[in-house]
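**Student:** Please work out how this folds:
(2 chains)
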2 protein chains.
Amino acid sequence: MAENALQRIFFGWEELKDLESLLQEKAYSGVVCLVDENTHDHCLPELLQRLEGLGDIEIIEIEAGEDSKSPEVLIQIWHTLSELNLDRHALVVNLGGGVVSDLGGFVASTYLRGVDFINFPTSLLAMVDASIGGKTGINLQDVKNRVGVFTEPERVYIMPDFLRTLPHRELLSGYAEMLKHGLIADADYWDILKDFEIATNADWSQLIMTSVKIKAQIVSSDFRESGLRKALNFGHTIGHAIESASQTLSEPLLHGEAVVLGMMVESYLSNLHLGMEIQKVDDIITSLQTKYPKLRIQHSNEELMRFIKMDKKNNSGSLNFSLLENVGMVKTDVSVPEEKILIALDFIRERL
Amino acid sequence: MAENALQRIFFGWEELKDLESLLQEKAYSGVVCLVDENTHDHCLPELLQRLEGLGDIEIIEIEAGEDSKSPEVLIQIWHTLSELNLDRHALVVNLGGGVVSDLGGFVASTYLRGVDFINFPTSLLAMVDASIGGKTGINLQDVKNRVGVFTEPERVYIMPDFLRTLPHRELLSGYAEMLKHGLIADADYWDILKDFEIATNADWSQLIMTSVKIKAQIVSSDFRESGLRKALNFGHTIGHAIESASQTLSEPLLHGEAVVLGMMVESYLSNLHLGMEIQKVDDIITSLQTKYPKLRIQHSNEELMRFIKMDKKNNSGSLNFSLLENVGMVKTDVSVPEEKILIALDFIRERL
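**Tutor:** From the prediction side, this is the model:
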C-alpha cells in the first residue's frame, strides 16, 4: 500500500460530501448497513437523515459485544448477503465499534471475493484504532482475531458527534489506544493526554486526528505487519492475554482496559529488558493508574502465559514484544525470556 | 499483480528443487498438508518420499468432492490449525484437485490474516485451471464460490505423473478448460486439442504448459477480474448454472462437463448475438459433441435461468457474458437479452 491511509479518512459531518461523491461515482448496485442494537438506535437515524444519497439500504443488526465476532455470525451474514442476492458492486457500511468493523470488514472482503466497505466508527476505540488500517477478522473460541484478512476500507468517516451516546467506560477504553499512540510515537502528545480530562462532552476532534495520523502513518508504511506496524503492538502482547483470560469473568475487561494493564507490564519490561529509565517507566505506570484506578490483574501467571504463548505475533517459540526505549520511541521484535515476563507481571500485580 | 504468475509455477519432479530452496529460505515454523482420501492414498506417499525437506508435517484430510467446500468444513479446518497452534510463519500445502486448493487457499489466506500456501494440483482441471490465478473460496448452499478471496499461492508445482491415477471422467473434465483456452486465446492450440486422444498415459506435459501459459498471462494482466480476466468466463455463465442445477441429480455433473455444455450454448450465443460465423460455431459444437457424446442439458430453462441470474458475474440486472468473435478471440462484458439465452439453451438441448 503506497498511498497513505489518511487520504481515505474523513472527519465530521461537513466532510460527508465525500461519501455523496463516492456513491455517485461508484453507483453501487446495493447497500447493506451493519449495526448493533446500540448503533441502530443511537447512530443510524442521524446517518440516514444526513445521507439521502444512500437510497434504499438493507440493515443487518448483530448483537453488541465481542461474541458476535464468531464463525457462526460470520456465516449468518454471508447467507444474508447471498439471500439479498447482492452482487460484486455492492457496498457494505459498517456503523459501529470495532466488533462491527472487524466483522463487517471481513464479511465484505470475502463475499464474492470482495466488495467495497466503508467504516463509520461510533466508539472512541474504533475511531482511533479498529476502523483504520485494514485489519478485519473474527475470533475462534477464546483466541481473538484468529481468522481474518488485511483489507483497506474504501473510506473511513469519523464523526465525533457519535461519542455523545458512548458510555464513559467505553470512552476510557478507547482512550487507552490514544495513550499508546503517545507512548510509541509522540512524547508531546503523551504529555497532553496525561492531563486531558476524559468526558463525553470534551472536544475530541483534535486528539482523535492526532491519533489517527499516527496510526495511519505507521500502517501505511507496513500494511501487512511485517515490520514497523508491530510498533502498534506495544501493550498488546500482555494486553491480549489479559483480555482473553478475562472473557470467563462475570465482567470481562474491555479491550482498552486490558491494554492499559498490558502497557503497565510492558513499560516495566521496557526497563527490565531494554533499560528504559525507571523514573520514566514509573511516571507511565502512575499516570495510567491515575486514569484507571480500578484496574487489577486478576489471573495467575500460569493462566496468562498460556494465552501469551498462543499470541499470533509469536514467531515459533520466542516471545516477541514491542517495547519502549523512551517515551515516544518504540523498538519492535524484542525477544524476551519468559522469566522476565513473570517478574513484570508480578511487579504490576502487586503494585495495583 | 505486476509479475507474471508463471514465475511461480514449476513443472515435473526435477523442478521440485525449487521447493527445497523455498523451504530453506523461509524456514517455516510448521507445515500442514491438506488432502482428500484419494490424494492421501495416491499422491501423498510419493510427495513425502521425494521431499524429505518437508520435515514433520501435519496431514488434514477432507472428504473428496464439492461438498467439502462448505462453511462447516472451513470452520473445522480453522479450528484444527488453531489447535495445532500454528503461527504466522506456517505453510499450507494443498495436495489435491480444485476443491482442495480452493478450500485450502481460502483457509491459508484467512488464518491469522494470511499464511503462505502452495498448490500441488493432482487433477487435470486443477493443473490447468483451479490451482492458478489465486481464486480461493467455498460454496454457500447451492451457489458456487459465493465466498472467498483473491490470493496468489506462493508456488504451484505441477506433476503430470499424478494424472496416472486420475479416473478418465475426471481427465475429460479438466480437458474442457483446455479446450476453452484454445477457443478464447489460441486457434492453433484449439486445432491440436480437437485431434488429441485423451488418455491417462498420453504425454500431457506440453499441452498443460500451453494452457498454464494462457491462463497465467490472462490472470497476471488482471488479477481481480475487473477486465481481461473475464475472458476465462467463456462457457462459464451457462456452465455454472448447469453445474449448480445438476447438484440435485443422482449423478451431478463434473465442472468440466458443465462447462462443455456451457461452451456449446455460449458458442451458439456468439453467433446469435455477436455474429460469429455459423460454420465455425457448428465446428465447435460438433467437436465438443464428439469428445463428450453423453452430455445432455437435463434442466428446464426456468431452472437454469434462476441460477444464471444468481451468477456473481452479473452486474446488477444485466446478463453479462464473455463470447467468441472467432476461434481464439473473445469479447468480454457482452450484455445479452434473456430471450436469446433461452433460444440458445433450446437449440443445444434439442441438438444433443
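**Student:** who's in contact with residue A:252?
**Tutor:** Contacts of residue A:252 were listed using Cβ atoms under 8 Å, 6 or more residues apart in numbering or on different chains, and they are A:66, A:243, A:246. The C-beta positions use only the backbone N, C-alpha and C, and glycine is treated the same way.
**Student:** Could you rerun that using 7 Å?
**Tutor:** residue A:246 (Cβ atoms under 7 Å, 6 or more residues apart in numbering or on different chains).
**Student:** try the one 3 residues further on
**Tutor:** Contacts for residue A:255 (Cβ under 7 Å, 6+ apart) come out as A:125, A:173, A:243.
**Student:** if you set the cut-off to 10 Å instead, what comes out?
**Tutor:** Under the criterion of Cβ atoms under 10 Å, 6 or more residues apart in numbering or on different chains, the neighbours of residue A:255 are A:66, A:97-99, A:123, A:125, A:129-130, A:144, A:170, A:173-174, A:176-177, A:236, A:239-240, A:243.
**Student:** Let's see which of the residues you listed end up in strands.
**Tutor:** Using DSSP state E, the subset of these located in strands is residue A:144.
**Student:** Only whichever of the contacts of residue A:255 are buried, select them in PyMOL.
**Tutor:** A single PyMOL command selects the buried members of the contacts of residue A:255 (16 or more other Cβ atoms under 10 Å in any protein chain shown):
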select buried, chain A and resi 66+97+98+99+123+125+129+130+144+170+173+174+176+177+236+239+240+243
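**Student:** what about stretch A:24-44, how long is it end to end?
**Tutor:** One end of stretch A:24-44 sits 21 Å from the other (Cα to Cα, to the nearest Å).
**Student:** Sorry, slip of the keys, the one I care about is stretch A:107-120.
**Tutor:** For stretch A:107-120, the first and last residues are 16 Å from each other (Cα to Cα).
**Student:** and if you look at stretch A:217-234?
**Tutor:** One end of stretch A:217-234 sits 16 Å from the other (Cα to Cα).
**Student:** Measure how buried the residue lying closest to residue A:349 once chain neighbours are set aside is and give me the count.
**Tutor:** Closest residue in space to residue A:349, ignoring its immediate chain neighbours: residue A:297 at 4.4 Å, by Cβ to Cβ, 6 or more residues apart in numbering or on different chains. Here the number of neighbours of residue A:297 (other Cβ atoms under 10 Å in any protein chain shown) works out to 23.
**Student:** is it true that residue A:297 touches residue A:265?
**Tutor:** Yes - at 7.9 Å, residue A:297 counts as touching residue A:265 under the criterion of Cβ atoms under 10 Å.
**Student:** Give me the common contacts of those two.
**Tutor:** Common contacts of residue A:297 and residue A:265 (Cβ under 10 Å, 6+ apart): A:238, A:242, A:304, A:345-346, A:348-349.
**Student:** Mind listing what's buried along stretch A:212-231?
**Tutor:** Applying 16+ other Cβ under 10 Å to stretch A:212-231 flags A:212-216, A:218-220, A:222-223, A:225, A:229-231 as buried.
**Student:** Dump these to JSON lines, plus pLDDT and distance to chain B.
**Tutor:** JSON lines is the format used below for these (pLDDT from 0 to 100; distance: Cβ to the nearest Cβ, whole Å):
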{"residue": "A:212", "pLDDT": "97", "distance to chain B": "21"}
{"residue": "A:213", "pLDDT": "95", "distance to chain B": "24"}
{"residue": "A:214", "pLDDT": "95", "distance to chain B": "22"}
{"residue": "A:215", "pLDDT": "94", "distance to chain B": "17"}
{"residue": "A:216", "pLDDT": "93", "distance to chain B": "19"}
{"residue": "A:218", "pLDDT": "92", "distance to chain B": "17"}
{"residue": "A:219", "pLDDT": "90", "distance to chain B": "13"}
{"residue": "A:220", "pLDDT": "88", "distance to chain B": "17"}
{"residue": "A:222", "pLDDT": "78", "distance to chain B": "13"}
{"residue": "A:223", "pLDDT": "71", "distance to chain B": "11"}
{"residue": "A:225", "pLDDT": "72", "distance to chain B": "8"}
{"residue": "A:229", "pLDDT": "89", "distance to chain B": "12"}
{"residue": "A:230", "pLDDT": "92", "distance to chain B": "11"}
{"residue": "A:231", "pLDDT": "94", "distance to chain B": "17"}
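**Student:** So which of those residues are in helices?
**Tutor:** Those of the buried residues of stretch A:212-231 mapping onto helices are A:212-216, A:218-220, per DSSP state H.
**Student:** which among the residues you listed gets closest to residue A:283?
**Tutor:** For these, the minimum distance to residue A:283 (Cβ to Cβ) is 20.3 Å, reached by residue A:214.
**Student:** which SSE is residue A:250 in?
**Tutor:** If you go by DSSP states H and E, residue A:250 is not part of any helix or strand.
**Student:** actually residue A:342, not the one I typed
**Tutor:** Counting by DSSP H and E, residue A:342 is found in helix A:338-351.
**Student:** Can I get that helix in PDB, CA atoms only?
**Tutor:** Taking Å, rounded to 0.1, in the frame of the first residue of the first chain, the C-alpha atoms of helix A:338-351 are listed here in PDB:
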ATOM      1  CA  GLU A 338       9.800 -16.000  30.000                       C
ATOM      2  CA  GLU A 339      11.200 -15.300  33.400                       C
ATOM      3  CA  LYS A 340      11.300 -11.600  32.900                       C
ATOM      4  CA  ILE A 341       7.700 -11.600  31.800                       C
ATOM      5  CA  LEU A 342       6.800 -13.400  35.000                       C
ATOM      6  CA  ILE A 343       8.700 -10.800  37.100                       C
ATOM      7  CA  ALA A 344       7.000  -7.900  35.300                       C
ATOM      8  CA  LEU A 345       3.500  -9.500  35.800                       C
ATOM      9  CA  ASP A 346       4.200 -10.000  39.500                       C
ATOM     10  CA  PHE A 347       5.500  -6.400  39.800                       C
ATOM     11  CA  ILE A 348       2.400  -4.800  38.400                       C
ATOM     12  CA  ARG A 349       0.000  -7.200  40.100                       C
ATOM     13  CA  GLU A 350       1.500  -6.200  43.400                       C
ATOM     14  CA  ARG A 351       1.700  -2.500  42.700                       C
END
